[in-house]
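**Student:** I would like the atomic coordinates for the input below:
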Amino acid sequence: MQRFHTICACLLLLSGIVLAQAAKPEPKAVSQVLNGAVTNVESEFVPAADAMPEDKYSFAPTTGEFKGVRTFAQQVKHVAAVNYILAAGILEEKSPVDTGGENGPDSVTSKADIIKYLKDSFAYLHKAALSINDKNLVAPVKNPFGEGTATRLALAPVAVGHCFDHYGQMVEYLRLNGIVPPASR
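**Tutor:** Take a look at the predicted model:
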C-alpha cells in the first residue's frame, strides 16, 4: 500500500510539472505586441467613424471654444493620413497613397470613400507594425514629422496614441449628435 501511495504521489507531482510547463505561453514578438495595439485602436476607431451618419460627417461643434476645429470627416481623414505617414516612416518607404499632408486628400469626400481610406490606412499600419523586429526596433529611421531621426519603436505607439486622441474627440461629436459610440453600447 505504501508503494501505491508513493507511485500516486510521483504521478501527481509529474503531472503538475507537465501542466506547469504546458501553461507557460510563448512570449510574443515585438511586432505582435505592436500589431495588437493597432488592432485594439482600430476596433474602436473604425466603428465610431462608421456610426456617424453621412449627413453629419460635416458636423463640427460651434458653441463654446470650438472655433476652427475639424469636422467629423476631417478628423477621420486626418487620422488615416497620419496612419499612412507613420507607417511609411516605419517601413522607410513613400506612402502608397496621397495623404494631403496630414489632412487626407481633398478628393476623398463621401463617407464610403473616407471609411475605405481609413480602413486601408489601418491595413498599411498593420503591415508596418508587423515589420518591426528585434534587429530594426531601435535602428534610426527618418522622422516623418520633422528633422532628424526616430525609431520604429517610437513611431508605432505614436500612431496608436494619435488615433485614440482623435477617437476621444469623435466620441464627443457622436454624443453631441445623440449617437452612443459603438464601444459604449
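
**Student:** counting contacts, what elements does whichever strand or helix holds residue 124 pack onto?
**Tutor:** Here residue 124, judged by DSSP states H and E, is contained in helix 111-130. Applying 3 or more C-beta pairs under 8 Å, 6 or more residues apart in numbering; DSSP states H and E, we find helix 111-130 packed against helix 30-51, helix 72-91, helix 152-176. The C-beta positions use only the backbone N, C-alpha and C, and glycine is treated the same way.

**Student:** what about residue 52, how many residues close to it?
**Tutor:** Per other C-beta atoms under 10 Å, the neighbour tally for residue 52 reads 21.

**Student:** residues in contact with stretch 169-180?
**Tutor:** Stretch 169-180 is contacted from outside by 45, 48-49, 51-52, 56, 59-61, 72, 75-76, 181, 184, using C-beta atoms under 8 Å, 6 or more residues apart in numbering.

**Student:** Buried ones from the residues you listed, can you make that a PyMOL selection?
**Tutor:** In PyMOL, a selection of the buried entries from these looks like this (16 or more other C-beta atoms under 10 Å):
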select buried, resi 45+48+49+51+52+56+59+60+61+72+75+76+181
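
**Student:** that older thread, immediately after the helix holding residue 124, which helix or strand?
**Tutor:** Later in the chain than helix 111-130, the nearest helix or strand by DSSP H and E is strand 140-142.
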